[in-house]
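The amino acid sequence is not available; the structure is as follows:
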Ligand code: ZN
């Protein structure tokens, strides 16, 4: 339906895109492997196929194309991923019917930044829940009878016992601005 999606898929090199986030090693032919960015592991079960334009983790089952990878790894929308890839691979996106005024654009950008911060928070807490530190939380969830499906549906996470963990994650890892994090309400001065 959207010809720019096909054009981006045709031009984009998934190995190149994944390499920006994960250290890939050759795995024969057009295949590359790495430790999965979406779950904790010590031996690589995350594979990227250049000719198929596809990635798959045999550990956690996460898989998809170049759009899905960017969305997952950067916590962004499909629209954002498309925009990034279009810019990177020189694909012209169709213009909207009306241009936004500078004020509208500014409001739109601010909302977008706040959404990204919220998404990064949710991701952080879910990561804590799934990781080594989340063992007690996972046990507790089990005693409360929460199924994996329920945990997934409601995005249940775990806040580690550290007052600055989220700050560190948002500012140092994702590079969000402190003013935006305060504005979104997830951090306080
Ligand atoms: Zn995985």
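Yep, that arrived. As the structure is a prediction and not an experimental result, all values here were calculated from the model. Numbers count the residues shown, from 1 in each chain.

switch to C-alpha atoms for all contacts and neighbour counts from now on
Noted.

and the longest helix along the chain with the ion, contact?
Longest helix in the chain, counting residues (DSSP state H): helix 102-130. No. Using Cα under 5 Å from the ion, we find that helix 102-130 stays clear of the ion, coming within 11.9 Å at best.

Centre of the chain to that helix, how far?
11 Å (Cα atoms, centre = their mean, to the nearest Å).

Could you do stretch 144-152 as well?
Chain-centre distance of stretch 144-152: 22 Å, with Cα atoms, centre = their mean.

One more: stretch 47-60?
On Cα atoms, centre = their mean, the centre of stretch 47-60 falls 16 Å from that of its chain.

Can it be said to contact the ion?
Yes. Stretch 47-60 is in contact with the ion by Cα under 5 Å from the ion, via 57, 59-60.

can you pull the contacts of residue 122?
Residues near residue 122 by Cα atoms under 8 Å, 6 or more residues apart in numbering: 155, 157.

mind checking how far it is from residue 104?
According to Cα to Cα, to the nearest Å, residue 122 and residue 104 sit 27 Å apart.

burial of the nearest residue to residue 66 once chain neighbours are set aside, as a residue count?
Among residues not flanking residue 66 along the chain, residue 14 sits closest, at 5.5 Å (Cα to Cα, 6 or more residues apart in numbering). For residue 14, the neighbour count with other Cα atoms under 10 Å is 22.

can you confirm residue 8 is in a helix?
Yes. Residue 8 sits within a helix when classified using DSSP: H, G, I helix; E, B strand; the rest coil.

Neighbours of it, how many?
23.

Ok, residue 63 next?
Applying other Cα under 10 Å, we find 16 residues neighbouring residue 63.

That one against residue 49, yeah?
No. Taking contacts as Cα atoms under 8 Å, residue 63 lies outside contact range of residue 49: 11.1 Å.

shared neighbours of these two, which are they?
residue 55.

any idea where the strands of this protein begin and end?
Under the criterion DSSP state E, strands of the chain are mapped to 25-26, 31-34, 46-49, 54-57, 63-64.
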